[in-house]
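Please find the sequence and the predicted model below.
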Amino acid sequence: MVEVHLEEFQEMANLVQGAGQDVLSDPHRELRLDIEGMSYEDLLALGERIGNVNTGASEEIITSQLKTKLYTPNFLSIDLNELPPEDHESDTCIICQDEFKYRDNIGTIQCGHEFHADCISEWLRLKNECPICKLEGVTKKD
Ligand SMILES: [Zn+2]
Ligand SMILES: [Zn+2]
């Protein structure tokens, strides 16, 4: 159990909202920062992941380094009985929690993890780090 301190919670909410402002001004945003529906623990985790908003990568770097493709489900080409169990995980975008759908635009970062291209672009602008394995998302060049 986590003890909820109101002040701490409010501080976290402000941090998340502050971090989201840059995103909110973008009409193409897909990333949902729905703090209303989040538990204290979720909020805490999100705050930690977002951390300092200045650690994100620039639009230019993301665009040039993000590998994108259109999603086509595996079941179209392989036997369902052969489907490895761990394959399940990679078919869901951890950022928006939605499953990839046929012909969704998928973005792959350096570590090989896949997300919706829109979701990971917004994410990397906030923090240049894989939301799953915490490795660097895209390489910043000087
Ligand atoms: Zn997504
Ligand atoms: Zn990763």
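Yep, that arrived. Ligands and ions are numbered 1, 2, ... in the order given.

Over to Gly107: give its phi and psi.
Backbone torsions of Gly107, given as degrees, to the nearest 10, read phi -110, psi 130.

which residues does it contact?
Leu66, Lys67, Thr68, Glu114, Phe115, His116, Ala117, Asp118, Cys119, Ile120, Ser121 (CB atoms under 8 Å, 6 or more residues apart in numbering). (Glycine included, C-beta is placed from N, CA and C.)

next one: Trp123
Leu31, Ile95, Phe115, Pro131, Gly137.

Please, which helix or strand holds it?
Taking DSSP states H and E as the criterion, Trp123 maps to helix 117-126.

Also Leu44?
Using DSSP H and E, the element containing Leu44 is helix 40-50.

what does Glu7 give?
Taking DSSP H and E as the definition, Glu7 sits inside helix 6-24.

that older thread, strands - which of the contacts of Trp123 land there?
Of these, the ones assigned to strands by DSSP state E are Phe115.

What separation do you get for Leu43 and Glu11?
To Glu11, Leu43 is 10 Å away according to CB to CB, to the nearest Å.

More neighbours: which of those two?
Legend: neighbour count by other CB atoms under 10 Å for Leu43 and Glu11, higher for Leu43 (18 against 12).

wait, which of the contacts of Trp123 is closest to ligand 1?
Ligand 1 lies nearest to Ile95 out of the contacts of Trp123, by CB to the ion, at 4.8 Å.

Buried by neighbour count, from the contacts of Gly107: which ones?
By neighbour count, with 16 or more other CB atoms under 10 Å, the contacts of Gly107 hold Leu66, Glu114, Phe115, His116, Ala117, Asp118, Cys119, Ile120, Ser121 as buried.

can you put those in TSV and add pLDDT and distance to ligand 2?
TSV is the format used below for these (pLDDT from 0 to 100; distance: CB to the ion, whole Å):
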residue	pLDDT	distance to ligand 2
Leu66	96	13
Glu114	95	9
Phe115	96	9
His116	97	15
Ala117	97	15
Asp118	97	18
Cys119	97	14
Ile120	97	10
Ser121	97	15
